[in-house]
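J.: Please find the sequence and the predicted model below.
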Amino acid sequence: MSLDDIKETFFAECADQMSELETGLHEIQSDGPDMDTVNAVFRAVHSIKGGAGAFGYNALVSFAHVFENALDVIRNDLSQVNEARMDLLLRSVDVLSDVIEAERTGSEPEDSSGLAGELETAFGLGGAHEEEDEEEINFAPVMIDLEAFDAVEAPSGRTFRISFAPHASLYLKGHDPLRFFRELGDMGTLSVTCDLEALPKLNDLTPDESYLKWQIDFETERDRDDIEAVFDWVDGECVLSIEEIGGSPPDGDGENLDAFLQALEESGDDAAPADLVDIDDFGQDPETASADAPAPANPVAELVDTIETAVGANASGNGDQGDDGNDNAGAGSKAEKKEVKKASQTIRVESEKVDRLINLMGELVINQAMLAERIGQAGFGSASPTGLALVELQNLTREIQSGVMAIRAQPVKPVFMRMSRVIREVCSATGKRALLELEGEHTEVDTTVIEGLIDPLTHMIRNAVDHGIEDPETRQARGKPAQGTVKLSAYHSSGRIVIEINDDGAGINRERVLSKAIEKGIVARDAKLSDDDIDNLIFAPGFSTAETITDVSGRGVGMDVVRQSIQALGGRVHIASRPGEGSLFSMTLPLTLAVLDGMIVKEAGQTLVLPVSAVLETATLKPGDVYTIGKNNRVVKMRNSLIPIIDVGRQLGFSERRDDYTRGTILVVEGGKNGLGAFLVDSIEGQQQVVIKSLESNYQRVPSIAAATILGNGQIALILDCDHIVSHQSGEPGPEIIQSMAG
Amino acid sequence: MHDENEQTTIGGEEFIAFRVGEQEFCVEITSTREIRGWSQATRLPHSPEYIVGVINLRGTILPIMDLSARLGMGSSTPSERHVIIVVQVHDKTIGLLVDSVSDILDVGPDHLRPVPEVNPSMSSEMFRRVIVIDKRIICEICLEAIMPELEMQAA
């Protein structure tokens, strides 16, 4: 594993931590602070800082450090949370992710010291955490409050006995025990004894093994957390025990149990792992951890037992989350959490490997369809043993298919979380106030769909705040809370995912939209449009209501682009607006881009596939249904609307114009900006799931064709690009022009 | 003949030669993936006439190019007797529809000639070199030049 690989892993983990962090802060914001969440958030920042330190990302370390200290204030006293501070913390998340990104790309990180300063001011940081500053001094220049530092010099109060037995891996990673002693030395007085007992004779000595143990008697007025913090970066690389052996706990710590009990509690309630056991991932439960630990000195082993019992007892007892270390329940609930975390293990897999599996899955589906066709041709009935075995196989395939698809399915949460940042940015740019509410963020959908969602969602959220939410004064004047709400929700509905953006802003100003649309020539001056029609005009190409191009929404991308990108994903978008109350954008998208529900049709001797999602209805034509407009434009009258008839075979250049329109079947298809089209085909063959195959991978984009698929007989069928066909339907000059264009 | 044998041993370049109409052409054997018989292709709309359609090559969509039409020698009517040479050009795989495969050649540098200046409007840029062996003249197809998207860009 090269250093670059390790860095990559670090940044992947950073991304996880960031999402944990953001989730946690949102929970705190919406549900109020609770200890577990605060701890989780703190841990996230702490891990980022730790990793960053190892790679020497100084800018990241120093900002994460301030961030961590700010969180620590909350961790020590949950009542310290207030709105302004939360806001600051959320902004810090954005900056932190920027700094991470900058470190990842190797670019110059933006100056984060401004926000770091704000954090320090807001959280009254400075003196209280200098011992950690000291810890970081190797990596980054951090402020040290000398006054407070002096105060530490005078040791008072507590004595800890620390036994520290590094594993060989600690040295491998370049740590030096001496550094820890020095750091401890800065926090108090210590006497270090080296335990040479394990040291073998020179003959038997393996140079890269670790034989030395240290026992440190440490007198300090700091508490256990601070000591643990010193050893934090060697989690899992040493056997560490910290035991308080004397002195009185400082006032105001909220702990009035005796030192030993306190040790027990802290072993559970703090993010740091159990004191006496092999420090490892939080997921590891004390039992295995202690078993892993190379048998330490006897008293320590005894203590392990005690702790296990204590933790176990707590776990079975009170399940409540205790406040910061003032009852044992904290330890109990933590122990349970550890169990839970261990249960949901995840693995990282390159998406290419999953893609390959999905491709093969597609092959399997095709082959199975072929097999079914052959078996049918061979005259085996569905009740024959062969037929039954085939049904069995089909069930199995379907199960495997959904299993494979489930691997790629990811919750929409990361994308949703991203939107909260978008909202914050828009708010700070416009001076409006808005809160993002999430619902159903665990709804799962194929990763390719998720990726395609980011841009349109970002744009719609921006729009919702920029054009939808009013400024605080207006809102209050209208009797709404000054802070607007944008609700982003996702749910599954009949095999598709529905994503909704609901704001409680002003809604769509229909008069303005209509006048704008008329002005831009999008609708006729005398057009009679329903409210719904007017609302959906904002998706028309070339339409943008913002009178002045704002920083926020006016980036040359209109809602039509949003609509197009949603349609490119095989989805549809619709808006419903209630004036004065807000707007609701809803998008329906397929759950995957690898498989499509296809309507199989025959036309001009070719088998073609249409996405079922685009087909609104099918009908056969009667002689009176068809009208001719102009020279050669035929329309069909259906439910009082006139829909242009598109002769698919002719449009694709497969056949000549047909004279008798009543012989075929029409499919009313929703396609793109031009609305509906009545596709005329010879016959409808049926409906089936088809695997989408790209034409571009070996050829190029073909106009009017979205992709291809392989049918059960091994033949390729083309999947029509309905949007393109509807919007490029040519009144008369058809194939010739297209031919010359292509050739 | 003695000459040729010697060239084989000193490692000349290998080509697959095939017939299109009355002429012989070839492609480098290293670009060739497989040779297969004709199977019914699905027509692609709005495509140049030399693209016969697409076939299913073990799950991959393989476009088939009528080489005769591509070289301006008139469209062929695909039949059972035709052969598809599957070639790889960069990251794309494409099938060339030809009349028949005629030979596998191992050619030394002596037999490789530059393409003579013929009518520039003709397809000379589609050839890379000309192989001259005895009385046979075999043009090496420049696969990059015949790929359809390159032509689209040029147009």
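T.: That came through, no problem.

J.: all contacts plus neighbour counts: C-alpha atoms, from now on.
T.: Noted.

J.: how much space between residue A:516 and residue A:564?
T.: Using CA to CA, to the nearest Å, one obtains 21 Å as the distance from residue A:516 to residue A:564.

J.: let me fix that: residue B:73
T.: 42 Å.

J.: burial measure for residue B:100, as a count.
T.: The number of residues packed around residue B:100, counting by other CA atoms under 10 Å in any protein chain shown, is 18.

J.: Counting neighbours, what do you get for the residue nearest to residue A:681 when sequence neighbours are not counted?
T.: Leaving aside its chain neighbours, residue A:681 sits nearest to residue A:603 (5.1 Å; criterion: CA to CA, 6 or more residues apart in numbering or on different chains). Neighbour count for residue A:603, taken as other CA under 10 Å: 21.

J.: pretty sure residue A:603 is touching residue A:679, no?
T.: No. The criterion here is CA atoms under 8 Å, and residue A:603 misses it with residue A:679 at 10.4 Å.

J.: name the element the residue nearest the centre of chain A belongs to?
T.: Ranked by distance to the mean C-alpha position of chain A (CA atoms, centre = their mean), the top residue is residue A:414 at 1.3 Å. Element membership for residue A:414 (DSSP states H and E) is helix A:413-430.

J.: What is the helix or strand following that helix packed up against?
T.: Next helix or strand after helix A:413-430 toward the C-terminus (DSSP H and E): strand A:434-439. With contacts taken as 3 or more CA pairs under 8 Å, 6 or more residues apart in numbering or on different chains; DSSP states H and E, strand A:434-439 sits against helix A:413-430, strand A:484-493.

J.: any low-confidence regions in the chain?
T.: In the absence of a named chain, this looks at chain A. A:1, A:126-156, A:246-344, A:494-495, A:542, A:544-557, A:659, A:672-674, A:730-743 (pLDDT under 70).

J.: not quite, I wanted chain B
T.: Looking at chain B by pLDDT under 70, you get B:1-11, B:118-124, B:149-155.

J.: mind listing the helices in it by residue range?
T.: B:2-9, B:67-70, B:143-146, B:148-154 (DSSP state H).

J.: show me the contacts for the residue nearest to the centre of chain A.
T.: By CA atoms under 8 Å, 6 or more residues apart in numbering or on different chains, the contact list for residue A:414 reads residue A:19.

J.: Check residue A:109 too.
T.: Going by CA under 8 Å, 6+ apart, residue A:109 touches A:59, A:98, A:99, A:102, A:103.

J.: State whether the last one and residue A:60 are indeed in contact, as I suppose.
T.: By that I understand residue A:103. Yes. The pair residue A:103 / residue A:60 is scored as a contact, 7.5 Å apart, by CA under 8 Å.

J.: measure residue A:457 to residue A:492 for me?
T.: If you go by CA to CA, the gap between residue A:457 and residue A:492 works out to 17 Å.

J.: Residue A:52 now?
T.: Applying CA to CA to residue A:52 and residue A:492 gives a distance of 39 Å.

J.: Within range of chain B, give me the residues from chain A.
T.: Contact residues (CA under 8 Å from any CA of the partner chain) of chain A with chain B: A:363, A:606, A:652-654, A:693-695, A:697-700, A:702-704, A:708, A:710, A:714-717, A:735, A:738-739, A:742-743.

J.: interface residues of chain B facing chain A?
T.: B:41-42, B:44-49, B:54-56, B:59-63, B:91-94, B:148-149, B:152.

J.: again, only using 10 Å
T.: Residues of chain B found near chain A (CA under 10 Å from any CA of the partner chain) are B:39-51, B:53-64, B:88-89, B:91-95, B:147-149, B:151-152, B:155.

J.: can you tell me the helix or strand for residue A:355?
T.: Per DSSP H and E: residue A:355 is located in helix A:351-377.

J.: tell me which residues in that helix are buried?
T.: By 16 or more other CA atoms under 10 Å in any protein chain shown, the buried positions in helix A:351-377 come out as A:355, A:357-359, A:361-363, A:365-370, A:372, A:375.

J.: swap in stretch A:181-199?
T.: Neighbour counts over stretch A:181-199 (16+ other CA under 10 Å) mark A:181, A:183, A:184, A:185, A:186, A:187, A:188, A:189, A:190 as buried.

J.: quick one: which of these is nearest chain B?
T.: Within the buried residues of stretch A:181-199, the smallest distance to chain B is 57.4 Å, found for residue A:183 (CA to the nearest CA).

J.: now the closest one, what's its secondary structure?
T.: Under DSSP: H, G, I helix; E, B strand; the rest coil, residue A:183 falls in the helix class.

J.: now residue A:108
T.: Once three-state DSSP is applied, residue A:108 turns out coil.

J.: who's in contact with residue 100?
T.: I'll assume chain A. A:11, A:14-15, A:18, A:48, A:52, A:57, A:59-61, A:64, A:94, A:106, A:109 (CA atoms under 10 Å, 6 or more residues apart in numbering or on different chains).

J.: hm, I was asking about chain B
T.: B:17, B:18, B:19, B:20, B:21, B:24, B:37, B:81, B:82, B:83, B:84, B:85.
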